[in-house]
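Participant: The amino acid sequence is not available; the structure is as follows:
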């Protein structure tokens, strides 16, 4: 188990082999969250961003449809029982 540290550079160095966090947000993994629960979206996004993920949340079909088809997300978190579609 890793020891807790408040030193970001130290964390990145030990966990990812980098001397410091990357300056460019494009290198962070991208997550698309689709859920009609605003609290879930907010909490998930906050936690993921704390761990250096780029997060896009969608809470309606209209928002999902506005995401370009060629978007390059690494993972999608989908609500199995999305209110507008069930």
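Facilitator: Yep, that arrived. All values derive from a computational prediction rather than experimental measurement.
Participant: low-scoring stretches of the chain, by residue?
Facilitator: Across the chain, residues meeting the criterion (pLDDT under 70) sit at 1-25, 84-86.
Participant: list the helices and strands the helix or strand where residue 40 lies packs on?
Facilitator: With the criterion set as DSSP states H and E, the secondary-structure element containing residue 40 is helix 38-50. In this structure, helix 38-50 packs against strand 30-34, strand 54-58, with contacts taken as 3 or more C-beta pairs under 8 Å, 6 or more residues apart in numbering; DSSP states H and E. Every residue, glycine included, has its C-beta placed from N, CA and C.
Participant: That helix vs strand 30-34, what angle?
Facilitator: Inter-element angle recorded for helix 38-50 and strand 30-34: 170 degrees (by axes from the mean of the first three to the mean of the last three C-alpha atoms, to 10 degrees).
Participant: what is the orientation angle of helix 38-50 with strand 54-58?
Facilitator: Taking the same axes, to 10 degrees, one finds that helix 38-50 is oriented at 170 degrees with respect to strand 54-58.
Participant: Could I get the contacting residues of residue 76?
Facilitator: For residue 76, the residues meeting the contact criterion (C-beta atoms under 8 Å, 6 or more residues apart in numbering) are 31-34.
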